[in-house]
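Visitor: The sequence and its predicted three-dimensional model are supplied below.
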Amino acid sequence: MNKIEHLGIAVKDLDAAEKMYEDLLGVQSYKREEVPTEGVTTSFFKCGESKIELLVGTNPNSPISRYVEKRGEGLHHIAYAVDDIRSEIERLKEKGFVALNEEPKIGADNKLVAFLHPKSAGGVLVELCQDRSPE
Ligand SMILES: CC[C@H](C(=O)O)C(=O)SCCNC(=O)CCNC(=O)[C@H](O)C(C)(C)COP(=O)(O)OP(=O)(O)OC[C@H]1O[C@@H](n2cnc3c(N)ncnc32)[C@H](O)[C@@H]1OP(=O)(O)O
Ligand SMILES: [Co+2]
């Protein structure tokens, strides 16, 4: 695990959350990106080496919509930058972590991503991120 790539924060209203984080961080969001396969729209802020990823659900079945419905807005996941996501998934499975997707999937911000079930990671939803090769 090279660094914390981003902290994922589940929100109800992306416009309002962006305004709050612009005030908090003193910077503008550098991109919004929809990820239809995850049922989310994301908004990214740089914060030193890491990023803040705001996420709003775009349909009721989205993991984010379900999370906010059940637990309200708040810290949703920690994403770590890895060099080789497939070998990291295998390494972590051997350590007893539960991979929610064995095959990496396309994430936001030009990443390949995979998730570990929070119940296998001390109550924290973990995301692995590998930079996608430039198209
Ligand atoms: C990929 C685009 C973008 C990127 O960075 O590139 C993203 O980050 S997209 C982020 C949204 N996508 C995901 O989160 C995908 C992975 N998540 C899932 O598959 C589900 O959300 C899952 C399996 C974590 C939970 O779904 P489930 O339907 O099982 O929800 P439950 O409410 O039944 O939860 C079961 C159990 O887990 C606890 N839980 C749920 N979510 C979280 C969380 N974010 N952090 C910690 N714990 C979580 C929940 O409280 C339940 O525990 P229990 O003790 O049984 O109440
Ligand atoms: Co994320």
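Guide: Now that the structure is in, tell me what you want to look at. Ligands and ions are numbered 1, 2, ... in the order given.

Visitor: Make sure residue 124 is actually in contact with residue 80.
Guide: No - Residue 124 lies out of contact with residue 80 (CB atoms under 8 Å); the separation is 11.0 Å. All C-beta atoms are positioned from the backbone trio N, CA, C, and that covers glycine.

Visitor: Looking at the two, which has the bigger crowd around it?
Guide: Neighbours around residue 124 and residue 80, counted as other CB atoms under 10 Å, are more numerous at residue 80. The numbers are 16 against 13.

Visitor: Give me every residue in this protein lying close to ligand 2.
Guide: Counting by CB under 5 Å from the ion, the chain comes close to ligand 2 at 8, 53, 79, 127.

Visitor: from those, which ones fall inside strands?
Guide: Cross-referencing the residues of the chain next to ligand 2 against strands under DSSP state E gives 8, 53, 79, 127.

Visitor: Any idea what the last one is bridged to?
Guide: The one in question is residue 127. Residue 127 forms beta bridges with residue 79, residue 115, as assigned by DSSP bridges.

Visitor: quick revisit: need the max-distance pair from the ones in strands among the residues of the chain next to ligand 2.
Guide: Using CB to CB, these span at most 9.3 Å, a distance reached by 53 and 127.

Visitor: what's the overlap in contacts for these two?
Guide: 8, 79 (CB atoms under 8 Å, 6 or more residues apart in numbering).

Visitor: And the two? Which one has more around it.
Guide: residue 53 (24 against 21).

Visitor: That'll do, ta.
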